[in-house]
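Asks: sequence? don't have it. structure:
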């Protein structure tokens, strides 16, 4: 009833946000794509997206089919690669790009588990492509990128791994430490301590301050999480970190405060090339990352 071409069309609609864009991704005319969508809607007796919605909005039925596409298509790609190449011919190298400074610590157990699954695999974790990792992925410099900011494209697939919360970290003596949550205006002119990442790329700026038209104060940068936390404890500024990093603050006089009443939640995706020659290794590694993410969520609840 539901065919792979339908699922690929749904993914193209999600990535492009329009019929015209989806038609280009699927290399068909817009008329042919509309006909295919109408055929699918007839089969399931329901519309899959709201007509004339901008941006394109999926119906409940369309969203369910999209979830199915995101689950099944990566597995189909991996299986097709196996059948074409054979398991013995698969590359045993895995080059990982991480857009998250604080992920390295909890990735170590993942790599230990991965070595048990693929003892001959060569795993290289690098942050040298930190500001250009997705381009490095597309050109073959990397095999996987962990990112919270997917960029729609035909050659790269994004697999959702888990969600995490980012919190404000302050000295326990800071005026904001006692608040149940902070608003963007609370952080006006506050000195922000971060990893060596441009302000415009920080989650706190892109998804909390900038939408509210708020500018922080001076940005100070720090390479190591432990040193960053110590500087915050000394009232050198405030920081925002995933909850798993805040657990490293044992012995320091710090407070963790929600960003907004609902908290600032961010997704983590595993990005990989659709035509990767080491698809089995990629899927196994991402499976282990997703499992580790569930453990982190339980610990931080």
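Replies: Good, I have the coordinates. From a predicted model like this one, the values you see are computed outputs, not experimental measurements.
Asks: surely residue 97 is within a helix?
Replies: No - assessed with DSSP: H, G, I helix; E, B strand; the rest coil, residue 97 is strand; it does not lie in a helix.
Asks: quick one: secondary structure of the residue nearest to residue 180 when sequence neighbours are not counted?
Replies: Nearest residue to residue 180, sequence neighbours excluded (CB to CB, 6 or more residues apart in numbering): residue 258, at 6.9 Å. Every residue, glycine included, has its C-beta placed from N, CA and C. Here residue 258 takes the strand state, with states given by three-state DSSP.
Asks: give the contact list for residue 258.
Replies: 167, 168, 180, 181, 182, 264 (CB atoms under 8 Å, 6 or more residues apart in numbering).
Asks: distance of residue 185 relative to residue 93?
Replies: According to CB to CB, to the nearest Å, residue 185 stands 49 Å off from residue 93.
Asks: with neighbour numbers in mind, choose between those two.
Replies: Set residue 185 next to residue 93 and count neighbours by other CB atoms under 10 Å: residue 93 wins out with 13 against 10.
Asks: isn't that one up against residue 122?
Replies: Yes - assessed by CB atoms under 8 Å, residue 93 is found in contact with residue 122 at 4.8 Å.
Asks: helices along the chain, start to end?
Replies: Assigned by DSSP state H, the helices in the chain fall at 4-16, 19-26, 30-44, 60-85, 104-117, 133-138, 203-204, 225-233, 243-246, 279-300.
Asks: comparing these, which yields the minimum mean pLDDT?
Replies: Lowest mean pLDDT of the helices of the chain: helix 60-85, a mean of 81.
Asks: which parts of it are buried?
Replies: The neighbour-count check on helix 60-85 (16 or more other CB atoms under 10 Å) flags 62, 65, 66, 69, 70, 73, 74, 77, 78, 81 as buried.
Asks: quick one: contacts for residue 195?
Replies: The contact partners of residue 195, taken as CB under 8 Å, 6+ apart, are 101, 102, 221, 222, 223, 228.
Asks: phi and psi next, for it.
Replies: Dihedral pair for residue 195: phi -70, psi 170, per degrees, to the nearest 10.
Asks: picking that back up, which single one of the contacts of residue 195 is nearest to residue 200?
Replies: Closest approach to residue 200 among these (CB to CB): residue 221, at 13.8 Å.
Asks: against residue 105, how distant is that closest one?
Replies: Relative to residue 105, residue 221 is positioned 19 Å away (CB to CB).
Asks: go on, residue 184?
Replies: Distance of residue 184 to residue 105, given as CB to CB: 29 Å.
Asks: the more surrounded of these two?
Replies: residue 184 (18 against 13).
Asks: output the longest strand belonging to this structure.
Replies: In the chain, assigned by DSSP state E, the strand with the most residues is strand 156-171.
Asks: partners of that one in the sheet?
Replies: Sheet pairing of strand 156-171 (DSSP bridges) gives strand 239-242 (antiparallel), strand 254-259 (antiparallel), strand 264-273 (antiparallel).
Asks: export those strands to JSON lines and tack on distance to residue 152 and mean pLDDT?
Replies: Formatted as JSON lines, the strands paired with strand 156-171 follow (distance: least, CB to CB, whole Å; pLDDT from 0 to 100):
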{"stretch": "strand 239-242", "distance to residue 152": "25", "mean pLDDT": "94"}
{"stretch": "strand 254-259", "distance to residue 152": "26", "mean pLDDT": "95"}
{"stretch": "strand 264-273", "distance to residue 152": "11", "mean pLDDT": "92"}
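Asks: deepest-packed of these, please.
Replies: Comparing the strands paired with strand 156-171 on average neighbours per residue, with mean count of other CB atoms under 10 Å, the densest one is strand 239-242 at a mean of 24.
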